[in-house]
Every structure is written in structure tokens, then in C-alpha cells.
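Visitor: No letters, just coordinates:
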Ligand SMILES: Cc1cc2nc3c(=O)[nH]c(=O)nc-3n(C[C@H](O)[C@H](O)[C@H](O)COP(=O)(O)OP(=O)(O)OC[C@H]3O[C@@H](n4cnc5c(N)ncnc54)[C@H](O)[C@@H]3O)c2cc1C
């Protein structure tokens, strides 16, 4: 990057004046990355030598759809079409990602080669090879990046899939800590997905670990996002539960980091974004006691007019302020364009009787206006809410027995029986995104007189596009300990006093290149993206300068450094400069990405 561009990038940062280690001219070493047609591309002998060092774990990557043009008999193509909507398959296929692309932003494309790493030593070999040959390394965990950061054409993929070993350690002491009581922790390989961890920690061992709501998200990717699960309003963020990590940095060193060793890097891994500071190979997370009961409320309120819907929103914001902004509640409420309010909430630590007593006044208010409002259960049968033993929450066989259809098992022959996904999450597997945005909503918006502004904004925004509030993705109302632990992470501090994260998204059918019939409808995508942008714009007017969750955000987010990390950005940038001064690791809108690029690599634009 040219000096002038560096300076203008710096000037664009709102906090340039406080940058602790602004990169000097000599600090920026932008070298052209090497692509396959480049004379510097590694020779077959050099690839073979790497393969030898890896014990045969180097693979050439192709999209399984690349053979579809050869006819109906191509077995990889047939298999991929059959399991296109299975998130475990998309995780297991190095040539694919969970999303097939994002309109105007990126389209999923395979790397040239992948290192199917077994351990940190394999990862270190891959990192050294990429650095030496100036290749772009790309890291794929389970492939859920909305920003398209776990795939890039012509790159060397570091694929963590096989590093999924999990053990519970009863007396864990983080590296570098000289004193203090040991505590229970779970050690999880970077390639595991949350369902692997929930199976080991909750279903088998009857304990709790804070992971993601979507059970097929990758463990290391979620930790580095900050990470929310359904019960984060009680247990806090996933990053805040990190006790130690093993990470391979750009210099090829394998480091074990904690709050007591390489504390700056450890802090950056807690929400500073994936694919940026190194390759995480293993994490150690706190293990907690499991509550007795988890529960859920699933209901739909259909309003029959604008004015009735306004009344529902007004009443709901009041109800939510009094009853939902506390450690017991999580997940979502959606305000739909067609005057519908859907409740998909989960609870913890509440019996069914307590839940009924709490919701009764709100439901009674709705039922009292049958001409204007209609209350329905969103699940089969008349049940609006229920509670169950928490130990079975991630137990696919329990759901199959008690409420078939809630979870979908991985249908592939030989798949572990506990591999299943929440059926409601399934629609996103293979999806082509049309638009996406998120915004943290501060707790103060629920207080009078701001509450009226919030209710009006929710109504107006929902005229443009459906708005979903994720109560578990904001920590207002969480226990003090959870808030303080999250304060010591790299996430945007806006999360600490937000009562919810508003998320708006739209997508269409899968558009993987080569998939027969794939034909993204770009005019529809543009229309939907612009409706999302109008809708989030209305919400942003009541939260000027508001934060956005790095891993669930708009690819085109303006002022992304501030939106994703707030006042933490200068510190994160200094850590990036310290551990990766040449910018080996690069992801779109990752820390430091304004200084480097995937230069030399085909832009993943759709046009
Ligand atoms: C369907 C869906 C559901 C989601 N649900 C939730 C949710 O419930 N809660 C929540 O908080 N977020 C959620 N997210 C966002 C998700 O947490 C992030 O996208 C997360 O980074 C995904 O990790 P991954 O391994 O699955 O994805 P990947 O795309 O493989 O990785 C994401 C990023 O992390 C990097 N990365 C992955 N592994 C490593 C590693 N070992 N070392 C260094 N970098 C690495 C990748 O390079 C990439 O930049 C969801 C996303 C999707 C698409």
C-alpha cells in the first residue's frame, strides 16, 4: 500500500490521535501476494515437500460442484446436491462454506490447496509455508462467516476440521498463573463445532459451557467473534469464558496464551475477530454448573391494522422492560412487515408455572382484543410455553422423542447420532445473502421518555423490513460478573449496556458456482438490501454511532472499526502490528485490514 493511502486510512480513523502504535512507513511491508500463474508460485516439488512434512495432509481443493457440468453421473456433484442444506456437510467440505455468497460482496470460491491440520505443528508448517512463499493463508473452522472470510480463491486453506478433540479438565490452571485456585475447564480443539462441545459438556457430563446459539458454528470462530449463545444473558459471552488459547502466530510460533502470558494477544482473541491474529488451534473455556430447567416461549401475535400493531409494540416494550431484561431470558422477538410479532424466546432457571405467571398478563391483554389481535402458538398444539430438564437441551434423541422436528439430525450415513441442528437454523445452510445489518440497542431506550421513540422506531423500521431483537446478544440485565468479564474482552463495549442486538437479514437460494440452476436474483437482492438499509437507518437514528456485532454485520458497514470494536480499536491495531507486522493474515474488515489487502487475489465480487 502506498504511503499516501496509509496516511489517509489513518486520518479516516476517528481515534487516530490516540493510536498507541501507529504503523510507521517502515512498519508497513506490503508485498504482492503470489497466485498460481505467478512465476513465484511454489513448484510441484515444493508442494510435495510440504505434503511430506504434513504426513500427506495437503490436499488440492475443488468445489464439489465443479464436476456438475460433466453430467448427472458425477458423484461428488450428486453428493453435494443431496446434502447442500446440511451444515455438517458444508463444514466437512473444504471447497464450500456455510453461505454461498453475499450479493455485491463475495461468492464462495475454493482455495488452491488446503492443509488438513491434525495439530498445532501442522498449522505452524502451513503458516511458515504461506509466509515464505507469500501466499494468502485462509482459515476455515465450520465456515459460517457472513463476511466471506473463510474462503478465498488462490489461497492456502488452513483447515481445522480434524482438530475436534474435547476433554474436561477438573483442575485447570491457565499458563503463566502463579497462584489461585484451579477451576474446571473444557479443552476444545479449534475445529469442533458447538454441538460437539454441548454433547460432551452438557448431555454427557451434565455441566455448562458458554457457546453459540447455532449449534453448528465453529468453536474458535465464535470465541474470536465474542460469541453469544441462547443463555448469554445469564452466562455472558463466550469470549469472556476463555481461560487459555493455543495459537500459531504469523512468525510460525506455537504459543499458549492466557491473561498471564502474552496477555495482549489473549485479550485480542477474545472478540477481536477471526482470521486476524493467528491460527487458534485449541481453547480452554470455563465449565459452569448447569441450571435445572431451560424453557421456551413460542407464540405469534397477529395485529390486524397499523394502529393495533403500534399498540402491541408499545405494550411489548413495556413488558420487556419489566420482565425480559434479566438473566432468565434470551433469543428473539421479531417485528414483521405484515403486522406480526413472533416470540421465540428461551428461559433458564424458571419453572413452567413461573413462566406462565409472568406471561399471563401480557397474553391476557392480547386476548382481550380479539377483533384487533390474534394470539397463536408457533409450535404444533396449543402450547405457548414450556420448561424441561436443561441436560436434554442439546440432546437430539430427546427432541426426536419428545418433539420431533425441533432438531434435524445429520442425515449422512455414519454421522454421529448427536450431530443435529436446530431446524429453525437450517434455512441458512448454503444461502446466498442479499443483505444484513445489526445494531446494539442501549438499555436506556426502554426508559421513559425514550421508550416511545424506541416503539415508534420499531414500528417504522418494521414497515421497511422485518426487525429481530436478540435479547441474548446484549448484556444489560446480565449478572454483574458476566458484564465485568465481558468488559475485559475486545468486543465493542456497546454490548455491555445493550438490552438486545437488532438483526436484519435477507437471503435467497444457494448460489455456489457450478451448482446446477444456481442463479442469484440480483435485482431482488438489491431491493432487499436497500429495504434493510432503510430499516436499520431508522433504528440508527435513535442510536447514533451505535455498535454492530462483528460476526453478524453488514459487509459494507461504514466506519467498521468503530462499529465493531468501539474504543478498543487502537489497542487491537497495536496488537495486530506487534504479532503480524507484515499482515500475513488478512480478512475483510478485520483489524488492520485497512493497511493490507488480499492483493493479487481475484476480488470475490459478483458485479
Ligand atoms: C447460520 C449462522 C448462525 C450463527 N449463529 C451465531 C450465534 O448463535 N451466536 C453468535 O455469536 N454468532 C453466530 N454466528 C456468527 C458466527 O459466530 C461467526 O460467523 C463465527 O466466526 C463462525 O465461526 P465458524 O468457524 O463457524 O466460521 P468460519 O467461517 O470458518 O470462521 C469465521 C472466521 O473466523 C476465522 N477462524 C475460524 N477458525 C479459526 C481459527 N481456528 N483460528 C483463527 N481464525 C479462525 C475464519 O478465518 C473466519 O475469518 C452465526 C453465523 C451463521 C452463518
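Guide: Okay, I see it. These figures come from a predicted structure and were not determined experimentally.

Visitor: For residue 452, which non-adjacent residue is spatially closest?
Guide: Nearest non-adjacent residue to residue 452, counting by CB to CB, 6 or more residues apart in numbering: residue 314, 7.8 Å away. Every C-beta, even on glycine, is put in place using the N, C-alpha and C of the backbone.

Visitor: List of residues touching the one helix or strand that neighbour maps to?
Guide: Using DSSP states H and E, residue 314 maps to helix 306-323. Contacts to helix 306-323, defined as CB atoms under 8 Å, 6 or more residues apart in numbering, come from residues 301, 303, 329, 333, 335, 339, 341, 358, 361-362, 365-366, 369, 372-373, 446-447, 451-452, 454-455, 458-459, 462, 471, 499.

Visitor: go with 6 Å
Guide: Contact with helix 306-323 is made by 301, 303, 339, 341, 358, 362, 372-373, 446, 451, 454-455, 458-459, as judged by CB atoms under 6 Å, 6 or more residues apart in numbering.

Visitor: Now stretch 47-59: buried residues?
Guide: Buried positions in stretch 47-59, judged by neighbour count with 16 or more other CB atoms under 10 Å: 47, 50, 53-54, 57-59.

Visitor: Quick check: the farthest pair among those?
Guide: The largest separation in these, counting by CB to CB, is between 53 and 59 at 14.3 Å.

Visitor: From the contacts of helix 306-323, which land in strands?
Guide: Per DSSP state E, strands hold the following members of these: 301, 303, 341, 373.

Visitor: I'd say the third one and residue 303 touch.
Guide: By that I understand residue 341. No. Contact criterion CB atoms under 6 Å: residue 341 and residue 303 do not qualify, at 7.4 Å.

Visitor: domain assignment for the chain?
Guide: 31-161, 166-289, 293-393, 432-557 (automatic domain parsing).

Visitor: Identify, from the buried residues of stretch 47-59, the entry nearest to residue 125.
Guide: residue 53 (5.2 Å).

Visitor: so what's the residue in the stretch 251-400 of the chain that the ligand sits nearest to scoring on pLDDT?
Guide: Per CB to the nearest ligand atom, residue 274 is where the stretch 251-400 of the chain lies closest to the ligand, at 2.0 Å. With respect to pLDDT, residue 274 has a value of 98.

Visitor: what's the burial count for residue 260?
Guide: Using other CB atoms under 10 Å, residue 260 has 15 neighbouring residues.

Visitor: One more: residue 76?
Guide: Using other CB under 10 Å, residue 76 is surrounded by 17 other residues.

Visitor: Distance-wise, check it relative to residue 182.
Guide: 48 Å (CB to CB, to the nearest Å).

Visitor: show me what contacts whatever residue of the stretch 501-607 of the chain ends up closest to the ligand?
Guide: The nearest approach of the stretch 501-607 of the chain to the ligand comes at residue 551, 3.7 Å away (CB to the nearest ligand atom). The contact partners of residue 551, by CB under 6 Å, 6+ apart, come to residue 225.

Visitor: For residue 407, give me its contacts.
Guide: Residues in contact with residue 407 (CB under 6 Å, 6+ apart) are 396, 399, 420.

Visitor: now residue 226
Guide: Residue 226 touches 237, 239, 271, 491, counting by CB under 6 Å, 6+ apart.

Visitor: about what we covered before: nearest spatial neighbour of the residue of the stretch 251-400 of the chain closest to the ligand, skipping sequence neighbours?
Guide: Nearest non-adjacent residue to residue 274, counting by CB to CB, 6+ apart: residue 224, 4.2 Å away.

Visitor: Just confirm that neighbour is within a helix.
Guide: Yes. Counting by DSSP: H, G, I helix; E, B strand; the rest coil, residue 224 falls inside a helix.

Visitor: Now do the contacts for it.
Guide: By CB under 6 Å, 6+ apart, residue 224 lies in contact with 269, 273-274.

Visitor: ok, it to the ligand distance?
Guide: Separation of residue 224 from the ligand (CB to the nearest ligand atom, to the nearest Å): 6 Å.

Visitor: burial count for the closest residue to the ligand within the stretch 301-450 of the chain?
Guide: Across the stretch 301-450 of the chain, the shortest distance to the ligand (CB to the nearest ligand atom) belongs to residue 428, at 3.9 Å. The local packing of residue 428 (other CB under 10 Å) involves 19 other residues.

Visitor: do the same with residue 468
Guide: Residue 468: 19 neighbours (other CB under 10 Å).

Visitor: what does residue 203 give?
Guide: Around residue 203 there are 18 other residues, counting by other CB under 10 Å.

Visitor: Distance check, the closest residue to it other than its chain neighbours against residue 414.
Guide: Distances taken as CB to CB, 6+ apart put residue 395 closest to residue 203, at 4.8 Å, once the chain neighbours are dropped. Applying CB to CB, the value for residue 395 to residue 414 is 20 Å.

Visitor: what's the answer for residue 218, then?
Guide: Where residue 414 is concerned, residue 218 sits at a distance of 21 Å (CB to CB).
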